[in-house]
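> only geometry, no sequence info:
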Ligand SMILES: C[S@@+](CC[C@H](N)C(=O)[O-])C[C@H]1O[C@@H](n2cnc3c(N)ncnc32)[C@H](O)[C@@H]1O
């Protein structure tokens, strides 16, 4: 039984119509931060690709593809395509399920939905306090998502899907951040951590790339005892709240707020602020 107070907020916010939005960083702006997702060695842009002495990463419509090399063989025609008989280990199986999810779910699909706009209101209140260089992990459409921030923020996003190509971002995975250690002022998982299979590794990566004192924001659904797969179509994880808080133990946690989600009994939204 959940004993926490769950707030039923009615205010809505549409990030597409926001009067303020974060400044979108370009490839030139972020290139000093970039490293290989595999070797973690620095990479430089030569006008066509990002490379170092032994590795090279391509571009997709002006967005660098900085996926780990194990993914590259599965990328065809802007899509992750994993043949069933190639699934040699758990990582390939993860990519197979990711490819199914990516082919079925549209990015920021719900932006007209009242519940998405209530979520945006809650997130934006916390994110308006972020400053400096901020990475949005699982950004979806940067054009939409950066409407949650103020112009004080220098914003860039990562997302592994190829369908969110509206504005510059890195095509990359949370578990293999192609970002140098201690380079960011903030990192955000806005309803994305429960889509990331190895979320412990993603949080280790988040910790690594934050500067000391850098800020973390996680908005996620958490599930109550009545969780079951029949009630869901897209999430890898049905976090229980204590499980999520345990995964965040390396961060010092500040505010934790809980919000009603679609009047569901089996889950609610949790909004967590933390610091490295
Ligand atoms: C529900 S959407 C959230 C999009 C956006 N942040 C928002 O608030 O509207 C979840 C996002 O997580 C992304 N995602 C899935 N697996 C990921 C991974 N391993 N690393 C980073 N992002 C991932 C998906 O592609 C999708 O864009």
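Looks like it arrived, so ask away. All values derive from a computational prediction rather than experimental measurement.

> Now do the contacts for residue 65.
57, 58, 59, 72, 75, 171, 172 (C-beta atoms under 8 Å, 6 or more residues apart in numbering). Using the backbone N, CA and C atoms, a C-beta is placed for each residue, glycine as well.

> from the residues you listed, which single one is nearest the ligand?
residue 172 (7.2 Å; C-beta to the nearest ligand atom).

> Filter the contacts of residue 65 down to just the ones in helices.
Counting by DSSP state H, the contacts of residue 65 place residue 72 in helices.

> hmm, which of the contacts of residue 65 are the buried ones?
Buried by 16 or more other C-beta atoms under 10 Å: 57, 75, 171, 172, out of the contacts of residue 65.

> Of the residues you listed, which one scores lowest on pLDDT?
Of all the buried ones among the contacts of residue 65, residue 75 has the smallest pLDDT value, namely 87.

> Could you tell me which residues of the stretch 101-250 of the chain lie near the ligand?
Residues of the stretch 101-250 of the chain found near the ligand (C-beta under 6 Å from any ligand atom) are 107-108, 137-140, 145, 158-161, 173-175, 190-192, 195-196.

> change it to 5 Å
Residues of the stretch 101-250 of the chain lying near the ligand by C-beta under 5 Å from any ligand atom: 108, 138, 140, 159-161, 173-174, 190-192, 195-196.

> Please narrow those residues to those residing in strands.
residue 190 (DSSP state E).

> show me the contacts for residue 275.
213, 214, 215, 216, 251, 252, 254.

> Go through these and flag which are in helices.
Under the assignment DSSP H, the contacts of residue 275 contribute nothing to helices.

> Now the residues you listed in a markdown table, please, with extra columns for distance to residue 68.
Below are these laid out as a markdown table (distance: C-beta to C-beta, whole Å):
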| residue | distance to residue 68 |
| --- | --- |
| 213 | 29 |
| 214 | 24 |
| 215 | 26 |
| 216 | 23 |
| 251 | 24 |
| 252 | 30 |
| 254 | 32 |
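
> Emit the PyMOL select command for whichever of those residues are buried.
In PyMOL, a selection of the buried entries from the contacts of residue 275 looks like this (16+ other C-beta under 10 Å):
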select buried, resi 214+215+216+251
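
> okay, the contacts of residue 275 in CSV with pLDDT and distance to residue 236 next?
Below are these laid out as CSV (pLDDT from 0 to 100; distance: C-beta to C-beta, whole Å):
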residue, pLDDT, distance to residue 236
213, 98, 30
214, 98, 26
215, 98, 25
216, 98, 20
251, 98, 21
252, 98, 26
254, 96, 26
